[in-house]
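Asks: Prediction below, plus the sequence it came from.
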Amino acid sequence: MIADEFKEEIEEALVLLQKQGKLSAGDLPEVEVEVPEIPEHGDYSTNIALRLSKLTEQSPQETAHLIAGALKHPVQVAQPGFLNMSVSLDRLAVEMAEILKQKERYGKGSESKKIVVEYSSPNIAKRFGIGHLRSTIIGQAIYNLFSFQGNRTIGDNHLGDWGTQFGALIYQIERVLEGKSDSERKHFLLNLSVEEMERLYTEFHLQAENNEKLRDDARAAFKRLEDGDTSTREIWEASRRISLKEFDEIYSLLGVRIDHALGEAFFEKDLTGIIEEVQKKGIAKESQGALIVEFEDMPPAMLRKSDGASTYFTRDLATARYRLKKWEPDFVVIETGAEQSLHFRQVFRTVELLGWAKEEGFFHVGHGLYRTKEGKFSTRRGKTVQLKEVLEDAIERAEEIIEGSATGGLDEYEKKEVARMVGIGGVKYNDLVQHPRKDIVFEWDRILNLRGNSAAYIQYTHARCQSILGKARTPRSSSYKDISPAETSLLRILQGFPLQARLASQRFSPNLMCSYAFSLAQAYNHFYQQHRVLEAESKEAKDFRLCLTAATAQILKTSLSLLGIEAPERM
Ligand code: ARG
């Protein structure tokens, strides 16, 4: 990518200047290349002269001029010592041809790390909630971005399928099943729904509020599950199976597939060993019958409860150790609600205290809350809102919009497909367009706005490109020289794609990919207002604009696919 070429050229110049004795010898800081906020400052810029001047006696300006003089390509020196570079028109044309040649491979990175990304991770026996929707969407985008950089990425859906809360559910179900025959029992467990399980669970909590005995009974039920009691296990298995079936419907609507779904229960067998190891290494401490881990700068974490039950914390230690052993990842990224950030800091620190891996190899990406104007979701179907209904609602609304703005020519099947892509894409984009940590607002008008910063706008621009491309043959490249400002700025944005994709992955920020795709779509529409493509003034101009259109379509499509959003050919 051009950013890397710029970086390498500067690095070579620095080494040369050192050899010539014009720059003091010593370790050179890493050259960092950024995209200036203001387009007038060029396509790329670096602050290397400012950083070097701290090591040498020279002023940043002097250092900047010194470096500029040693480079093959012209660069601008800007106050107080930035080096700015603009990519030449010739080079922009070469890059456009590269896009047409490499197609969906254009911009792919050559990193070769192994990365575990944990995302989605819903809790069984509960409905798939909005928080898990966010984790699924953001985690999938981060997964895609890492993979696009050439890394081997391993996705893991860490199902919440274990924990004392299952004691309550099991206790409730056992009460319902009391005195029932074997076949009645089977029938009940076969026909249980997630909604019913959630109801039973809530009911338990209402009753248990002032009832210590009931809470003890639930604890005992969980103990039986932990001890492997068959009939308890049967109930747990049924609730897991039923939940996964419902979750799968959501994943399939979302078009999401996660490589592994190990879940908390999977680690149950490792917990005793983990606790022993923590104790042996002298990190565990007894406290009122429970076992805890203390930290200098954080509250303690609970390793084992006073009743002997295992904890979420210990299961996460087991999970970390398993991942380290099984995949030997360069790093692990976990996407959950931001409220779990302390928990993960405790886990990551303990992993380091145990000597398993460095804390720096673990990242928690925490997402903010989902807000709606009314405080909660509204769909057309009534009060108890299921996530599946929200997604179906999105598709239905998208269908109406497509109907209304009909570019025509879509048959019924295509219309349904496009509505699905636009509806689901809209929900995803709305989630990704802001930095994960921020709260987001759910507003239908915004999600499906064909004119605003939305998936639909970008998808529509892509389809517009495809419709033009369907009417003519696109040449492989063009040597057209009479390029307008609108065309130049489109070319400039196109060449920026590889770096933007890399930054989005490095910073765990799919939102950077959203803003990139949006500005590319805007630049294309701006160009399209000013220029005729198919009826251009000359054959050269037409060929060039077809190339530009094809390159834009490709990059819009790649950008959307990194976000997990499909790009219909027609809309
Ligand atoms: N199931 C958990 C929840 O819904 C999220 C799991 C997060 N991942 C982890 N490794 N603990 O709160």
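Replies: Received, thanks. Since this is a predicted model, take the numbers as computed values, not measurements.
Asks: okay, CA-based contacts and neighbour counts for the rest of this
Replies: Fine.
Asks: Based on its surroundings, how many neighbours for residue 538?
Replies: If you count neighbours by other Cα atoms under 10 Å, residue 538 ends up with 11.
Asks: Enumerate every residue touching the most far-flung residue of the chain relative to its centre.
Replies: The centre of the chain is farthest from one residue, residue 179, which by Cα atoms, centre = their mean lies 48.8 Å away. Applying Cα atoms under 8 Å, 6 or more residues apart in numbering, we find residue 179 in contact with no residue.
Asks: and the residue of the stretch 451-571 of the chain found nearest the ligand, helix, strand or coil?
Replies: Using Cα to the nearest ligand atom, the single residue of the stretch 451-571 of the chain nearest to the ligand is residue 508, 16.9 Å away. Classification of residue 508 by DSSP: H, G, I helix; E, B strand; the rest coil places it in coil.
Asks: That one contacts residue 142, doesn't it?
Replies: Yes: judged on Cα atoms under 8 Å, residue 508 makes contact with residue 142 at a distance of 6.1 Å.
Asks: Of the two, give the one with the bigger neighbour count.
Replies: residue 142 (29 against 23).
Asks: helices and strands around the helix or strand that one falls within, which ones?
Replies: Counting by DSSP states H and E, the element that carries residue 142 is helix 130-148. In this structure, helix 130-148 packs against strand 114-118, strand 152-156, strand 331-337, helix 412-432, helix 497-506, helix 510-530, helix 539-562, with contacts taken as 3 or more Cα pairs under 8 Å, 6 or more residues apart in numbering; DSSP states H and E.
Asks: For my notes, confirm residue 458 occurs in a helix.
Replies: Yes: residue state for residue 458 (three-state DSSP) corresponds to a helix.
Asks: For the residue nearest to it when sequence neighbours are not counted, list the residues it contacts.
Replies: Residue nearest to residue 458 in three dimensions, not counting chain neighbours: residue 521, with 5.8 Å by Cα to Cα, 6 or more residues apart in numbering. Neighbour list for residue 521: 457, 458, 461, 462, 552, 556 [criterion: Cα under 8 Å, 6+ apart].
Asks: could you flag which of those are buried?
Replies: 457, 458, 461, 462, 552, 556 (16 or more other Cα atoms under 10 Å).
Asks: Looking at the protein, which residue is nearest the ligand?
Replies: Residue nearest to the ligand within the chain (Cα to the nearest ligand atom): residue 160, separated by 4.0 Å.
Asks: Quick one: neighbours of that residue, just the number.
Replies: 18.
Asks: Turn the helices and strands packed on helix 130-148 into a markdown table, columns for mean pLDDT and distance to the ligand.
Replies: Output for the helices and strands packed on helix 130-148, formatted as a markdown table (pLDDT from 0 to 100; distance: least, Cα to the nearest ligand atom, whole Å):
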| stretch | mean pLDDT | distance to the ligand |
| --- | --- | --- |
| strand 114-118 | 98 | 7 |
| strand 152-156 | 98 | 9 |
| strand 331-337 | 97 | 6 |
| helix 412-432 | 95 | 18 |
| helix 497-506 | 96 | 20 |
| helix 510-530 | 98 | 20 |
| helix 539-562 | 98 | 23 |
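Asks: Show me where the chain has its strands.
Replies: Ranges of strands within the chain are 33-34, 44-46, 76-78, 82-85, 114-118, 152-156, 284-287, 290-293, 301-304, 331-337, 362-367, 370-372, 440-442, based on DSSP state E.
Asks: got a markdown table for the ones you listed, with distance to residue 64 too?
Replies: Formatted as a markdown table, the strands of the chain follow (distance: least, Cα to Cα, whole Å):
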| stretch | distance to residue 64 |
| --- | --- |
| strand 33-34 | 14 |
| strand 44-46 | 10 |
| strand 76-78 | 6 |
| strand 82-85 | 7 |
| strand 114-118 | 38 |
| strand 152-156 | 39 |
| strand 284-287 | 55 |
| strand 290-293 | 52 |
| strand 301-304 | 51 |
| strand 331-337 | 36 |
| strand 362-367 | 36 |
| strand 370-372 | 46 |
| strand 440-442 | 42 |
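Asks: Kindly reformat these as CSV and extend each row with mean neighbour count.
Replies: Listed next are the strands of the chain as CSV, based on neighbours: other Cα atoms under 10 Å:
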stretch, mean neighbour count
strand 33-34, 17
strand 44-46, 23
strand 76-78, 18
strand 82-85, 23
strand 114-118, 23
strand 152-156, 21
strand 284-287, 16
strand 290-293, 20
strand 301-304, 22
strand 331-337, 22
strand 362-367, 22
strand 370-372, 16
strand 440-442, 19
